Structures are given as C-alpha cells and as structure tokens.
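1. One predicted model, sequence on top.
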2 protein chains.
Amino acid sequence: MVNAVELRQSLSPVRGGLARVSELLAGALGSDVSPLAEASAHLTLLSGKMIRPALCLLSAGAAGGDVSAESLLLLAAALELLHTATLIHDDIIDGSALRRGRPTVNARWGDRAALLAGDFVFAKAFRLVCAAGDGRLTADLASVVAGMCEGEAIQMQTSPAHRDEATYLDIIRRKTAGLMSACCRCGAVLVHGSAEDAAALSRFGLAFGLAYQITDDNLDLAGDSAALGKPVASDVASGAPSLALFHLAASPGAPPDPSALPSGQLLDLLRSAGSLDYATRAARRHADDAKAALELLSPSRYREALSALADFGCCRDR
Amino acid sequence: MVNAVELRQSLSPVRGGLARVSELLAGALGSDVSPLAEASAHLTLLSGKMIRPALCLLSAGAAGGDVSAESLLLLAAALELLHTATLIHDDIIDGSALRRGRPTVNARWGDRAALLAGDFVFAKAFRLVCAAGDGRLTADLASVVAGMCEGEAIQMQTSPAHRDEATYLDIIRRKTAGLMSACCRCGAVLVHGSAEDAAALSRFGLAFGLAYQITDDNLDLAGDSAALGKPVASDVASGAPSLALFHLAASPGAPPDPSALPSGQLLDLLRSAGSLDYATRAARRHADDAKAALELLSPSRYREALSALADFGCCRDR
C-alpha cells in the first residue's frame, strides 16, 4: 500500500525529467487562434498525475537509457498530449462536465470547440512524437490511437446492461492499458533498449494499465469526491461500467438495474455483496502480473520505481 | 475551361497510381469493431474526386520522381484519409446531413460515433504516412492538420456577419489550401525532388487550393444540386461564408442579411450585383498564380497535367 508521499518518492529518479516535460507541454500548444489554444491548454496545464510520462521515462531508465535525453522528454510530453486529446473527446462523448475538479473543455467552450481542440492536441502530439526523431514510434502510436478509438467504440455500441466482464476488460485493455503499454515500450525503444526489455516493459504497461483502470472505476464508485475532483459515481450515471458493478449484477438478490440507485444505496449494496473487494483483488492480480514482468529486467532504481508505481496503480485513493 | 472528360484526360499520367491508391484506401481502415470501420469507410469509399492524391502523384512526377513508387502511393492514400477525417469532423461541426449525395457519418451513425470515426481515420492516416517511410513528412503533415483545426476554429468563432474577405481567405488558406499545398510539397519531397521544385509545388498547391475553395463556395450558391450531391446554398444556411456573399454585402442596396433570403432570390441578387462573377474572377487569378508557380519546373507531362488541374480548380461545375 502506498500513499501520495510514497508515490512522489517513487518518481524521484525522473523528477527532473518530469519537470522538463511540464515545460515542453506548456510550450507545445502555441497558437495564434483563440479559443483553440486556451481550450486545449486548459486541460493540459491542469496538474494531472503525469503517469504516462513517468512510465515512459522510468521504462527508458529501466532499459538502460539516459532518462534526461531531450528526445525522450519530447516523447514523454507527446504521450501526455495524446492522453489529453483522448480525454477532451471522451468528455464530449460522455457529456462530462467536470474533470480534475475543473470544467471540461466541452462544458466551458461547447462540444464543437472541444471537438476541434481535441483534434488540435492530437496533431500537436504527433508533431512532438516526430520531434523525438524515431519514425518507428510514430507508427506504433498511430496504431495505438486507432485501438483506443476501437475501445471507445465498443463501449459506445454496447449498452451497459449488455456488457459483461470480458467486454469490459477488452474495452479498458484497448483504451487505457494500450496507451500505457505503449508509453513503456516506446520509452525503451527510443533509448535503444534490447527487444527483450522493450517486450517486458510493454507487458508491464499493459498489466499496469488494467490495474490502474479497474482501480479508477472502483474509485468512481467508492472514492472521495473532493479527492477525485468530480462527483462520486458520475461514470456510473453516464453508463460507464466497472468490475464491481458486474460482480454485483451477478450476485444473488441484486436489483435489476443497480446503476439507477442513489449513490449511497448503491455503495451499501456493493460493499455488502463484496463487489468492491472483488474489483480490488482483480486490480491487485494485474499489478502483480505487472511486477512479475519487471523481473526480466536488470535491477535498477528505475525498475524499483516502476514496481512501486504498480502498487500505486491498485492502491491509490484518487 | 475544362469539363469532366478533359479532367480525366489530364489525370492520365497518374491513372494507374490513382487506381492503386483506391485499393490502399479500401484496405487501410480494417477494424474488428463495428460500426467504426463501416462508418469511416462509408465516406472513404464513396468516389470522391481524389484531387489530393492526384496533386501528390503529379507533383512527384513534376519533380522528376517515379510516380508508381509504393511509398508515394501510400503517402497519396494517407493524404486522402487525412482529408476524409477532417470532412467527418467538419460535418459534425456544421450539422451537415448530406455529402457527395450520401448521408454524412453523423447523419447515419450519430455525432458521437462520427467523432470517433474521424479520430480513427486520423490515426490510420498517420499510420499510412509512417508507412511511406519519410519522418519529415509526418512532422510536416501534423503541423498542417493543426493549421486546419485553426482555420476551422477561426470560422467557428467569427459569426458570418462579422467575417470579412480577409478573414475568409485566412480560413480557406489554413483549411483547404494548406492541405493541398502539403500534398504537392510532400509528393516532391518524398521522391527527393530539389528544394526549389518542392517550394514551387508548395506555392502551386496553395494558390490552387484557394482557387478550388472559392469555386467550391461559388458552386454551393449557384451550382446544380444534383451534380453537387447536396442542396444548393446548404453551406450558406449553415453559416459558411463565400467570396460572392462578401461582395454582395458591400454592394449598394444589399439587404442586411442576404443569407436569410430564399435561395432563388439570393441567386438573382448575386447575379445582378455581379457577385458570382467577382468570385469567379478571384478564383481565376489564384489559378493563374498557381500556373505561374509551375514555370520554375522542367517541362513534363506531369507539369502540364497540374496546369490543366489549375484550370479545373476554377472552372468545374461540381
């Protein structure tokens, strides 16, 4: 179990790099056109957890590379921008009004401006990937983004009542875990890590991403709204699934549509049916898979930091 | 003045290449996820004019390159996909229901699916650019796409009543002409044309794009709805500007809001005020600028075909 202080400590091997990534992000979205730059910078400049850049830098280090190389920092910034672009479009699709405690781009500037802002950030992200200077990565990431669209499409076309646990895992594998896996793989590839190390880190990122998203969805149900920066159970209200809800639906005596219940009543049911614990255990298993993938790498403080991040992935409170 | 038969003849030097580009397009959007692949293929597989791939292939030929090289054909297909992705998102923003005589993706699958389909096609387009194998082009095109978003943002934030001719030209320069210029430039760069040839072709594409879009907007006002595949003046109804409307608004005795008039009455006014002729002359001037840029290139049948295309750009009827 880690807390926020321990998380910050685990990132210490790349703290300088992450600070430089923040600078690159602030400079990447320059535009002479209003409100595009403001709208796209709005989300980018909110202090996210920077998990994706951290995965990229730590993986590069774990693969034996220089974590302060400018090309690597450009790649890490590009990965955060790709994530930001998908958030902007996901918030339109889900009709979300709040993220990280601030209005979403669609809530503040409208759906049409948010659509354009997401496209703009996508383009700027690919521009940064190119600046990192390794054409293989651009191709890899373009395929990953196509896969993320597919994950979102599966989520969109399958109504919550007709989704099952396997479909849920397929969605989060393509959406969240696909990009996180790419963050680790591309970091290793850019610094010319061995193919074996890049493959191990790719597996780490996939398992880490599953643990991370399962935990995220659990927090939406049971977390603290102030810590989350958005209303509890807001994803349930918008039709997003979670592992705990699938467990509850399969439990004896479950109501036909648990997501329609008031959030307090739903939480009581999830607790008494053991559904939150079920999801927590699943996240723990994926985090353990992630840590097992790391064993193929040479020991280093970067490898240790990734291991600590995996614990964070399934034990965080926000 | 050229007609459709003459256009087809002007494309004969790259006819084989364009057929192969069509095959590449049909294969580029593979997905195991419904309705994403159907929705994105819907527009791609409608027979567009393939102007952008044609510009790319002809420019490569005019710069002395092999117009049947597989890498060039991949690039040409990627350029058509980039265009397709922007059409999918533009149709959401404009609320358009018809394009090329068929329902738009948003009309048939809804705005949310269309948003995702556009992102999916963007990602696949960048994947194809990477497959063409020249990293400089990916960076160039990412910047061009960011510029297209800026053009659309300027259009969105400036109400039609507050736009002027300079703003209109700025919008179409960033949106239409920016990509067409890139089609020409990237074709020349990929086949290792000289820097002078690439710059001349880039200028050709920019001037061609301005002539093309001014003509397109004129056709929306005065063209034949069956030939266009969409209702006459549908862009006016959605708030899109055109050079003829700016001319009319500045004419003595013009009504305060011409775009609110029934389309027949508007057309009569545009004709009597000489506004359609004004826009046609402007398109002709840009087409002549485009042809002048070609004079720096060595004579070839590709250069002649580009010159014929420039005539098409300001004299087509659909």
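-> Received it, and whenever you're ready, just let me know what you need.
2. from here on, contacts and neighbour counts on C-alpha atoms
-> Noted.
3. mind listing what A:Val105 touches?
-> A:Val105 makes contact with A:39-40, A:42-43, A:88, A:91, A:111, A:113-114, according to Cα atoms under 8 Å, 6 or more residues apart in numbering or on different chains.
4. I'd like those as TSV, with distance to chain B, neighbour count and pLDDT appended.
-> Formatted as TSV, the entries for these read as follows, by distance: Cα to the nearest Cα, whole Å; neighbours: other Cα atoms under 10 Å in any protein chain shown; pLDDT from 0 to 100:
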residue	distance to chain B	neighbour count	pLDDT
A:Ala39	11	22	86
A:Ser40	12	25	80
A:His42	16	15	83
A:Leu43	17	21	77
A:Ile88	11	27	93
A:Asp91	11	20	93
A:Asp111	9	20	95
A:Ala113	7	23	94
A:Ala114	10	25	95
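5. If you tally nearby residues, what's the number for A:Gln157?
-> By the other Cα atoms under 10 Å in any protein chain shown criterion, the neighbourhood of A:Gln157 contains 15 residues.
6. sorry, back to before: now, which of the contacts of A:Val105 sits nearest B:Ile154?
-> In terms of Cα to Cα, no member of the contacts of A:Val105 lies closer to B:Ile154 than A:Ala113, at 10.5 Å.
7. The closest one belongs to a helix?
-> Yes. Note on A:Ala113: a helix contains this position according to DSSP: H, G, I helix; E, B strand; the rest coil.
8. Pretty sure it sits against A:Ala107.
-> No. Contact criterion Cα atoms under 8 Å: A:Ala113 and A:Ala107 do not qualify, at 10.2 Å.
9. Which strands and helices lie in contact with the one helix or strand A:Arg271 maps to?
-> With elements taken from DSSP states H and E, the one containing A:Arg271 is helix A:263-272. Judged by 3 or more Cα pairs under 8 Å, 6 or more residues apart in numbering or on different chains; DSSP states H and E, the packing partners of helix A:263-272 are helix A:195-222, helix A:243-249.
10. Most tightly packed of those?
-> Burial of these is given as mean neighbour count (mean count of other Cα atoms under 10 Å in any protein chain shown); helix A:195-222 ranks first at a mean of 25.
11. I'd like to know which elements it is packed against.
-> Here helix A:195-222 touches helix A:165-172, helix A:178-190, helix A:234-237, helix A:243-249, helix A:263-272, helix A:275-294, helix A:301-315, going by 3+ Cα pairs under 8 Å, 6+ apart.
12. so which of these comes closest to B:Ala308?
-> Counting by Cα to Cα, B:Ala308 lies closest to helix A:178-190 out of these; the figure is 45.7 Å.
13. in the stretch 51-200 of chain A, which spans are strands?
-> Assignment of strands within the stretch 51-200 of chain A using DSSP state E, counting those that start in this stretch yields the ranges A:98-99, A:102-103.
14. would you turn the ones you listed into a markdown table with mean neighbour count?
-> Compiled in a markdown table, the strands of the stretch 51-200 of chain A are given as follows (neighbours: other Cα atoms under 10 Å in any protein chain shown):
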| stretch | mean neighbour count |
| --- | --- |
| strand A:98-99 | 18 |
| strand A:102-103 | 16 |
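15. Need those strands in a markdown table (columns: mean pLDDT).
-> Compiled in a markdown table, the strands of the stretch 51-200 of chain A are given as follows (pLDDT from 0 to 100):
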| stretch | mean pLDDT |
| --- | --- |
| strand A:98-99 | 87 |
| strand A:102-103 | 89 |
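16. can you list those strands in JSON lines and add distance to chain B?
-> As requested, those are arranged in JSON lines below (distance: least, Cα to the nearest Cα, whole Å):
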{"stretch": "strand A:98-99", "distance to chain B": "19"}
{"stretch": "strand A:102-103", "distance to chain B": "20"}
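17. Of those strands, give the one that comes closest to B:Asp311.
-> Comparison of these against B:Asp311 by Cα to Cα identifies strand A:102-103 as nearest, at 49.4 Å.
18. in which helix or strand would I find the residue sitting furthest away from the middle of chain A?
-> With Cα atoms, centre = their mean as the measure, chain A has its most outlying C-alpha, relative to the mean C-alpha position, at A:Gly253: 33.9 Å. Assignment of secondary structure by DSSP H and E places A:Gly253 within no helix or strand.
19. Spell out which parts of the stretch 101-250 of chain A neighbour chain B.
-> Within the stretch 101-250 of chain A, the positions lying close to chain B (Cα under 8 Å from any Cα of the partner chain) are A:112-113, A:115-117, A:119-121, A:123-124, A:126-127, A:130-131, A:133-136, A:138-140, A:142-143, A:145-146, A:149-150, A:152-154, A:156-157.
20. Can you find the helix or strand in chain A with the smallest mean pLDDT?
-> Taking all helices and strands of chain A together, the one with the lowest average confidence (mean pLDDT, DSSP states H and E) is helix A:225-228, at a mean of 54.
21. OK, contacts around the nearest residue to A:Arg303 once chain neighbours are set aside?
-> Nearest residue to A:Arg303 in three dimensions, chain neighbours excluded: A:Ala62, at 5.2 Å (Cα to Cα, 6 or more residues apart in numbering or on different chains). Applying Cα under 8 Å, 6+ apart, one finds that A:Ala62 lies in contact with A:188, A:297-303.
22. Of those, which is the most crowded?
-> Highest count within these by other Cα under 10 Å belongs to A:Ala188, 31 neighbours.
23. List the contacts of A:Tyr278.
-> With contact taken as Cα under 8 Å, 6+ apart, A:Tyr278 is in contact with A:243-244, A:247.
24. which of the residues you listed lies closest to chain B?
-> Proximity of the contacts of A:Tyr278 to chain B was ranked by Cα to the nearest Cα; the top entry is A:Leu243 with 21.9 Å.
25. From B:Ala114, how far out is the nearest residue to the closest one once chain neighbours are set aside?
-> Excluding its sequence neighbours, the residue lying closest to A:Leu243 (Cα to Cα, 6+ apart) is A:Ala279, at 5.5 Å. Summarising the geometry, the distance separating A:Ala279 from B:Ala114, computed by Cα to Cα, to the nearest Å, is 33 Å.
26. Now do the SS call for A:Ser34.
-> coil.
27. Let me know which of the helices and strands packed on helix A:195-222 is tucked in deepest.
-> Highest mean neighbour count among those (mean count of other Cα under 10 Å): helix A:178-190, with a mean of 28.
28. what's the distance between that one and the middle of its chain?
-> Between the mean C-alpha location of helix A:178-190 and the chain-wide mean there is a distance of 13 Å, by Cα atoms, centre = their mean, to the nearest Å.
29. Same question for stretch A:141-155.
-> Mean-position distance between stretch A:141-155 and its chain equals 13 Å (Cα atoms, centre = their mean).
30. and what of stretch A:146-156?
-> The chain centroid and the centroid of stretch A:146-156 are separated by 15 Å, computed with Cα atoms, centre = their mean.
31. Check stretch A:173-184 too.
-> Relative to its chain's centre, stretch A:173-184 lies at 8 Å (Cα atoms, centre = their mean).
32. Same check on stretch A:9-24?
-> 18 Å.
33. Same question for it: list its buried residues.
-> Residues of stretch A:9-24 classed as buried: A:10-11, A:13-14, A:17-18, A:20-22, A:24 (neighbour count, 16 or more other Cα atoms under 10 Å in any protein chain shown).
34. Now tell me what touches it from outside.
-> Outside of stretch A:9-24, the residues within contact range by Cα under 8 Å, 6+ apart are A:50, A:53-54, A:57-58, A:67-68, A:73-74, A:76-77, A:301-302, A:304-306, A:308-309.
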